[in-house]
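In: Turn this into a model:
(one chain, ligands or ions: 1)
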Amino acid sequence: MSFLQITEIHHTYFTKNMAVTALCDISFSVEEGEFISFLGPSGCGKTTLLSIIAGLVEPTLGHVLVKGNPVIPEERQIGYMLQQDYLFPWKTIEENVLLGLKLAGTCTPEKKKAARQLLYDIGLPGVEKKLPKQLSGGMRQRAALARTLAADPKVLLLDEPFSALDYQTKLKLEDLVSATLKGLGKTAVLVTHDIGEAIAMSDRVYLFSSSPGRIHRVFEIPDELKALTPFDARNHECYGKLFKEIWKELESLEP
Ligand SMILES: Nc1ncnc2c1ncn2[C@@H]1O[C@H](COP(=O)(O)OP(=O)(O)OP(=O)(O)O)[C@@H](O)[C@H]1O
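Out: Residues are numbered from 1 along each chain as shown. As a prediction, the model looks like this:
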């Protein structure tokens, strides 16, 4: 049994006048601790698939299992990190990080201590009492990561979490997120438009075609790249070859 199992997902959105089939025949599995990415043309259904995995959208057909069980959003098995940090501006960083635990009624002193440690580990010591507006964009995304991890989700969904950041901050956060998730042994799914980011961070890259979204091709990342940090992977000789291969394939999918 795989850790995350996606089986024959089809999804159609029904609006007033029409039906849009966003996803067709999507099946794959992810083992515990693996990091995978979705790449594909705009509108190929990447975000729809994340919402289905999160249990926020019920697929028209098919199912998602985490450790053999269906996903129930209230049980918070899935953590979601987005392009915007969505921190509450009137709450301190610590209050924001602990919010999920408080809502779930599981904010014990040990979890509070662990959340503080998490802020420290991801390079945000001493910001607990600050408001989000007092932090830079990169620091806010770190805080958003801490909030997502504080709930100890089984699977992390990352929907373009670095796309609003400047390039240098983005590279730093790629390394930080990769090291943090590896250290915690978390399973993660990243949606990105950045081929380099997908190669540098993942164990496997799923390339989607559109209308409707299908898995077009799966790229296994070579072990020599997986052993490196994302920054070092971007500078390895294997990286350029794989980048060109995925780029060519992606171009052939553009309308
Ligand atoms: N709520 C909705 N109602 C109707 N159609 C929708 C809805 N959400 C998405 N769609 C359609 O489903 C398809 C897939 O959309 P989705 O946002 O999942 O794609 P995406 O790959 O994440 O796109 P992008 O890369 O631009 O973010 C698109 O044709 C989109 O217009």
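
In: where does this protein dip in pLDDT?
Out: By pLDDT under 70, the low-scoring segments of the chain are 74-75, 255.

In: How about the residues of it by the ligand?
Out: With Cβ under 6 Å from any ligand atom as the criterion, the chain meets the ligand at residues 13, 15, 20, 22, 40, 42, 43, 44, 45, 46, 47, 48. C-betas here are computed from N, CA, C, even on glycine.

In: Spatially nearest residue to the third one (excluding sequence neighbours)?
Out: Right, residue 20. residue 13 (4.7 Å; Cβ to Cβ, 6 or more residues apart in numbering).

In: picking up where we left off before, and which of the residues of the chain next to the ligand is nearest residue 201?
Out: Nearest to residue 201 among the residues of the chain next to the ligand: residue 46, at 15.3 Å, using Cβ to Cβ.

In: The closest one is in contact with residue 190, isn't it?
Out: No - with contact defined as Cβ atoms under 8 Å, residue 46 does not reach residue 190; the gap is 9.8 Å.

In: Give me the common contacts of those two.
Out: residue 38 (Cβ atoms under 8 Å, 6 or more residues apart in numbering).

In: still on that earlier bit, wasn't the residue nearest to residue 20 part of a strand?
Out: Yes - assessed with DSSP: H, G, I helix; E, B strand; the rest coil, residue 13 lies in a strand.

In: for the helix or strand harbouring residue 148, packing partners?
Out: Using DSSP states H and E, residue 148 sits in helix 137-150. With contacts taken as 3 or more Cβ pairs under 8 Å, 6 or more residues apart in numbering; DSSP states H and E, helix 137-150 sits against strand 78-81, helix 93-104, helix 109-121, helix 167-184.

In: mind putting these in JSON lines, mean neighbour count and distance to residue 27 included?
Out: Formatted as JSON lines, the helices and strands packed on helix 137-150 follow (neighbours: other Cβ atoms under 10 Å; distance: least, Cβ to Cβ, whole Å):
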{"stretch": "strand 78-81", "mean neighbour count": "22", "distance to residue 27": "19"}
{"stretch": "helix 93-104", "mean neighbour count": "19", "distance to residue 27": "30"}
{"stretch": "helix 109-121", "mean neighbour count": "15", "distance to residue 27": "34"}
{"stretch": "helix 167-184", "mean neighbour count": "17", "distance to residue 27": "24"}
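
In: Please enumerate the helices of the chain.
Out: 46-53, 93-104, 109-121, 137-150, 167-184, 195-201, 223-226, 230-234, 237-253 (DSSP state H).
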